[in-house]
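Chemist: predicted coordinates and the sequence they were generated for:
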There are 2 protein chains.
Amino acid sequence: MAKTAELSRVCVDGRRLYRSLAELARVGAYRDEATALRGVNRLALTEADGRGRRLVVGWFRRAGLHVAVDRIGNVYARREGAEPALAPVLFGSHIDSVPTAGAFDGCLGVLGALEVVRTLGENRIRTRRPLVIGFFTEEEGCRFGTDMLGSAVATGRIPLAKAYALRDRAGLAVVDELRKIGFLGPRDVRAVRPHAYVECHIEQGPILRRRGAEIGVVSGVQAISWREVLFEGRAAHAGTTPMDLRADAGLAAARLMVEVRRLAESDGRGAGLRGTVGSLRLEPNMVNVVGGRATCTVDLRHPSDARLAGAERRLDSFLRRLGRQDGVGVTWRQTARTPYVPFDERVQAAVARAADRLGLRAEAIVSGAGHDAQEWSRLCKTAMIFVPGEYDGISHNPRELSTPKQCADGANVLLEVVRELAEEP
Amino acid sequence: MAKTAELSRVCVDGRRLYRSLAELARVGAYRDEATALRGVNRLALTEADGRGRRLVVGWFRRAGLHVAVDRIGNVYARREGAEPALAPVLFGSHIDSVPTAGAFDGCLGVLGALEVVRTLGENRIRTRRPLVIGFFTEEEGCRFGTDMLGSAVATGRIPLAKAYALRDRAGLAVVDELRKIGFLGPRDVRAVRPHAYVECHIEQGPILRRRGAEIGVVSGVQAISWREVLFEGRAAHAGTTPMDLRADAGLAAARLMVEVRRLAESDGRGAGLRGTVGSLRLEPNMVNVVGGRATCTVDLRHPSDARLAGAERRLDSFLRRLGRQDGVGVTWRQTARTPYVPFDERVQAAVARAADRLGLRAEAIVSGAGHDAQEWSRLCKTAMIFVPGEYDGISHNPRELSTPKQCADGANVLLEVVRELAEEP
């Protein structure tokens, strides 16, 4: 078995990687009115997603990989190892997008993986374990309402039948849409049992840039709590209703928004509690009518499960008090709840070592967003490599931008880590 | 000239009035899902408004009145006086409605006036001055965006050409919609120069009921300030963006909502400042995205022009401070501003005397809502008669309800006041 230090030093072709990202971004391109930029709209299992998939599958085949599609549309591209019976190293991400996307979210992980395999091929480097690039169906959850869908099915969290039955807003089911774009594959969804999983991804936030780091060693994905809160007051005439006789549902929602910020700020800066009320719907929503009904969401995240639960309890008390004080009905339901997902410390150490060998400044970081990696972490040792983004890491937006250097850095670290993992016994 | 005390005592037929209200409410009726009640949707100049107009015009004609329609669709029904050359007493209101209305808003003023004339006819009572019942186009402002449109044109505040050119959301113009329903009349909009104007209307609020009053003597219409405030922050990922790097437009809007309530409450209870943020639109309005843009309205009202202006100035300072503190852009524009409209003290006294003669408990009240009467007050001495409503005076809602007794009380006071004004030299 080759020791890490003994691996020959090779580097990816950053320009080729960037050209591939740009070419994939032309599939599903649209002109974004808000930014006057070209954006990407490649919602999962749409015709555009189908074209994107075929483009990438063509690249996989030209790189000499064996491509298989499973029954939930996950695509696996295998490069044989010296010992084919060993469990493979799996690495990849997703190519589906939100409706107003840029070129990097997900795609960097998939095309960075392709670039790793191209580089190994050109340098005639054989790994001990097989390598498998994967890209997974409906990571964004924008179309069928469940994010990380493909990887969740592949790793057993969501049954295939349940995934098949999910429908989009037009009533179209996952299984039919898979068939329509030609990606309802024959392979068992549980067929891949990796030795390890690694995913390279844009940070989608400002932290690395602000700290002057070039690589993020992701320690885990923070715990997430989503709620929908409904306030029921009384719609009333803004001119004729005295202030002390109002039950203003909009005001109650506003007080919640202010409290969520206060809670998050009192938890300290940096990697503490994050709290967001991103969505609010007022009814009847007229200038001269006191709000009768307000529906809003609360998104709370914390790297500590216990402290997230504590924040939820404090919010519960606040909401009950608020209902009594403002004379409005307050009800809420949990719409999502995932615990903290820690990544494997050995793989994190491998990422840090690789960055170090490449002379890149690395920092530990907690992922604020969910990723396919958190699903695979149930089956095998897993970690992620983050690269910084410009403009405070704006993402899910056509302005999303990581430079050629940033993308190449991520792919080079991925190359190193995959090679190291692939030599493990 | 007859003295007030010498007028023979007659009373309206309350049951007939209530039947007329119910019959008119069937025009434009719909089943309201929210309340499971029958509501009224008779937006101005729609086909339903046309049918409602024809029904009421038919009643006017059967009551022996001469009906004329002016060029903005205002309808005038004249009962000749003993001295036809004297300026008439004008009384009425409107029959157009908001899309989710009850049976009383506006209609009580028009059908109460009809009931007054029916009663005078049955009792063979002749007045010295002519009586004119008026109902006015688009009082609600819900369709073409300008409330009190017909009375504003008749009293010279809005030029006819400007009114004609107003369009609804479908792009249909007032002039074309008037023609379509057959109410583009020939009469000069400025033809009516009344001796006095009186309007009976539901209070649309809780004050009279809570004070145990049966009649409201309306002293004026409070000053109104409407603004639209735009907050521009940065849309950002709720999971990946640290709290201290956010520019949350939704949070800024929430802070404004809380401040508007604080301002209003610090102005004292009762007839002080009323402040409402009734409308808020967040963008992109997603659970996991920090609000990038928030647009909300502020509705401020006060019986004192000076104190309303003071509240506006305090809000200006607050908004500037808020923009700096939260790091968001804040801009606003005034969308409406009307000063306090005082009603005529002699007509108010006549209303109070009439209530007293009828044994009804009357209280002075400031109107929180705008009414046609405020437009007519520019041309002649004017006042309003309010009657209480059940359910805290809920209005613009199918639950809107004034009892047969409450409606008859209002019409009886109207009868007395109109008779008194009509005998004036």
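Modeler: Yep, that arrived. None of the values given here were measured: they were computed from a predicted structure.
Chemist: which residue ranges make up the domains of chain A?
Modeler: Here the domain parsing of chain A from automatic domain parsing is A:4-221+A:340-422, A:223-338.
Chemist: include mean neighbour count and distance to B:G323 when you put the ones you listed into JSON lines, please.
Modeler: In this view, the C-beta of every residue, glycine as well, is placed from N, C-alpha and C. Listed next are the domains of chain A as JSON lines, based on neighbours: other Cβ atoms under 10 Å in any protein chain shown; distance: least, Cβ to Cβ, whole Å:
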{"stretch": "domain A:4-221+A:340-422", "mean neighbour count": "21", "distance to B:G323": "19"}
{"stretch": "domain A:223-338", "mean neighbour count": "20", "distance to B:G323": "16"}
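Chemist: out of those domains, which is closest to B:A154?
Modeler: Smallest distance to B:A154 across those (Cβ to Cβ): 22.8 Å, for domain A:223-338.
Chemist: end-to-end on that closest one?
Modeler: End-to-end distance for domain A:223-338, by Cα to Cα, to the nearest Å: 5 Å.
Chemist: quick one: mean pLDDT over that domain.
Modeler: Average pLDDT, domain A:223-338: 93.
Chemist: got the phi and psi for the closest residue to A:M286 other than its chain neighbours?
Modeler: Excluding the flanking residues, the one nearest A:M286 by Cβ to Cβ, 6 or more residues apart in numbering or on different chains is B:G278, at 5.4 Å. Dihedral pair for B:G278: phi -100, psi -20, per degrees, to the nearest 10.
Chemist: state the distance from B:G278 to A:L251.
Modeler: 10 Å (Cβ to Cβ, to the nearest Å).
Chemist: also A:R16?
Modeler: From A:R16 to A:L251 the distance is 56 Å (Cβ to Cβ).
Chemist: repeat for A:L379
Modeler: 48 Å.
Chemist: next one, pLDDT for the nearest residue in space to A:R126 that is not next to it in sequence please.
Modeler: Excluding its sequence neighbours, the residue lying closest to A:R126 (Cβ to Cβ, 6+ apart) is A:A82, at 5.5 Å. pLDDT recorded at A:A82 is 98.
Chemist: surely A:A82 and A:P130 touch.
Modeler: No - A:A82 is not in contact with A:P130 according to Cβ atoms under 8 Å; the separation is 9.0 Å.
Chemist: so what sits against both of B:G278 and A:L251?
Modeler: Counting by Cβ atoms under 8 Å, 6 or more residues apart in numbering or on different chains, the contacts common to B:G278 and A:L251 are A:G291.
Chemist: the residue nearest to A:A354 when sequence neighbours are not counted: which element?
Modeler: Excluding the flanking residues, the one nearest A:A354 by Cβ to Cβ, 6+ apart is A:E416, at 3.5 Å. Assigned by DSSP states H and E, A:E416 belongs to helix A:404-422.
Chemist: ok, now which ones touch the residue of the stretch 1-150 of chain A found nearest chain B?
Modeler: Of all residues in the stretch 1-150 of chain A, A:T100 sits closest to chain B, with a separation of 8.2 Å (Cβ to the nearest Cβ). With contact set as Cβ under 8 Å, 6+ apart, A:T100 has these partners: A:32, A:39, A:41, A:396-398.
Chemist: quick one, phi/psi of the residue in the stretch 301-425 of chain A positioned nearest to chain B?
Modeler: Nearest residue of the stretch 301-425 of chain A to chain B, counting by Cβ to the nearest Cβ: A:G368, 3.3 Å away. Phi and psi for A:G368, reported as degrees, to the nearest 10, are phi -80, psi -20.
Chemist: I'd assumed B:G239 was in contact with it.
Modeler: Yes - taking contacts as Cβ under 8 Å, A:G368 lies within contact range of B:G239: 3.3 Å.
Chemist: any shared contact partners between the two?
Modeler: Residues touching both A:G368 and B:G239 (Cβ under 8 Å, 6+ apart): A:204-205, A:222, A:274, A:301.
Chemist: related to what we said a few turns ago, residue contacts, the residue nearest to A:R126?
Modeler: Counted by Cβ under 8 Å, 6+ apart, A:A82 has contacts A:126-128.
Chemist: name whatever forms a beta bridge with the closest residue to A:R274 other than its chain neighbours.
Modeler: Residue nearest to A:R274 in three dimensions, not counting chain neighbours: A:R301, with 4.5 Å by Cβ to Cβ, 6+ apart. For A:R301, the beta-bridge partners under DSSP bridges are A:I224, A:R274.
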